[in-house]
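> after the sequence you'll find the predicted model.
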Amino acid sequence: MMQLNWVGYVVIVAFLAAAFLYFYPQIERFFVFYPQKKLDFSPSDWGLAGETVYFEAADGIRLHGWFFPPGKNEPVVLFSHGNAGNISHRLENVKRLAERGLGVFIYDYRGYGKSQGRPSETGIYQDGLAAYDYLVYEKRIGPEKIVCFGRSLGAAVAMEIALRRAVKALIVESGFTSARDMAGEFLFFRPISSILPVHYNNLGKIAHVRVPKLIIHGTVDDLVPFRMGQALYQSASDPKYFLPIEGAGHNDTYAVGGVHYFDRVAQFATMGRIGGEAKE
């Protein structure tokens, strides 16, 4: 039986590494996106009067969302949700924001809920930009009234919007630094995480966002480590604010934070600051 010399092993390893990197976008997509098509709840289930809207991304994908108009002279929160479920699972958040007079436009990425298509990094960025454009050109909401809010995966979308469009402010909740850094949190990917592409590069982007920023993170987040929220805050330019939610994990920041959480979010959305001074 022929034995491989070291050159042969190097060739095999290089081939396997190249094959993995070639297919990595498909592998990453499998681990990143968990869409649900069925809407489990409607705005009326939460006592909300939302307008159902459809709009198109730049590549022609038809997207679905709900628009909840603001109170007089109040801003509109452009809500980019996380990687699982769909907009019907965020209605409690919408209700608590609406109770404080804020408008909310929440939409589903391609492949989620009633939105067409299949999700990808480039695709969901297009979806966020299309949602912004819908607010500006169809609803006549001025950029000075739009607050980008992104939770978890949605933090990457909200950040992309804030970089490419004029907005009032940016809120990042439970955001990660990059997909490569997240891969390093999992045992399977850890040995090769350093050679993976830096997709969803939130850490690199946030320094270039010039509007006021509020970074929110649960102190016991077991999916996206608290230190990633701290790193985003440290890399952000002023004005910036950090709101740690003591004892909160990845998906329960608003539940653990309660009234204090929603009051701070509403204060920041309205005034562009919390507590008067930037703080860590």
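Sure, I can see it. Residues are numbered from 1 along each chain as shown.
> domains of this protein?
1-32, 36-271 (automatic domain parsing).
> so which of the ones you listed is the most packed in?
Ranked by mean neighbour count, the domains of the chain are led by domain 36-271 with a mean of 19 (mean count of other C-beta atoms under 10 Å). Every C-beta, even on glycine, is put in place using the N, C-alpha and C of the backbone.
> for the domains of the chain, give me JSON lines that also has mean pLDDT.
Converted to JSON lines, these look like this (pLDDT from 0 to 100):
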{"stretch": "domain 1-32", "mean pLDDT": "51"}
{"stretch": "domain 36-271", "mean pLDDT": "94"}
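> the strands in the stretch 151-280 of the chain, which residues?
Taking DSSP state E, counting those that start in this stretch as the test, the strands found in the stretch 151-280 of the chain are 169-173, 213-218, 240-245.
> so how far is residue 49 from the residue nearest to the spatial centre of the chain?
The centroid of the chain falls nearest to residue 154 when counting by C-alpha atoms, centre = their mean (1.2 Å). Residue 154 sits 24 Å away from residue 49 when distances are taken as C-beta to C-beta, to the nearest Å.
> for the nearest residue to the residue nearest to the centre of the chain once chain neighbours are set aside, name its beta-bridge partners.
Distances taken as C-beta to C-beta, 6 or more residues apart in numbering place residue 80 nearest to residue 154, at 3.4 Å, with adjacent residues excluded. Taking DSSP bridges as the rule, residue 80 bridges to residue 150.
> isn't residue 80 up against residue 152?
No - using C-beta atoms under 8 Å as the test, residue 80 is too far from residue 152 to be in contact (9.4 Å).
> just to revisit the earlier point, list the contacts for the residue nearest to residue 154?
Applying C-beta atoms under 8 Å, 6 or more residues apart in numbering to residue 80 gives the contacts 107, 128, 131, 148, 149, 150, 151, 154, 155, 157, 158, 161.
> those residues in helices, which ones?
Using DSSP state H, the subset of the contacts of residue 80 located in helices is 128, 131, 154, 155, 157, 158, 161.
> pick out the most distant pair among those residues.
Using C-beta to C-beta, the ones in helices among the contacts of residue 80 span at most 15.1 Å, a distance reached by 131 and 155.
> who touches residue 251 in this structure?
Counting by C-beta under 8 Å, 6+ apart, residue 251 has contacts 82, 174.
> how much space is there between it and residue 48?
Distance of residue 251 to residue 48, computed by C-beta to C-beta: 21 Å.
> gap between stretch 137-154 and the chain center?
12 Å (C-alpha atoms, centre = their mean, to the nearest Å).
> likewise stretch 225-236?
Worked out by C-alpha atoms, centre = their mean, stretch 225-236 lies 15 Å from the chain centre.
> ok, now stretch 219-238?
14 Å.
> give me the residues contacting that stretch.
Taking C-beta under 8 Å, 6+ apart as the rule, stretch 219-238 contacts 152, 172, 174-177, 181-182, 185, 202-203, 206-210, 213, 215-218, 240, 242, 244-250, 278, 280.
> how far does that stretch stretch from start to finish?
Length of stretch 219-238, first residue to last, C-alpha to C-alpha, to the nearest Å: 23 Å.
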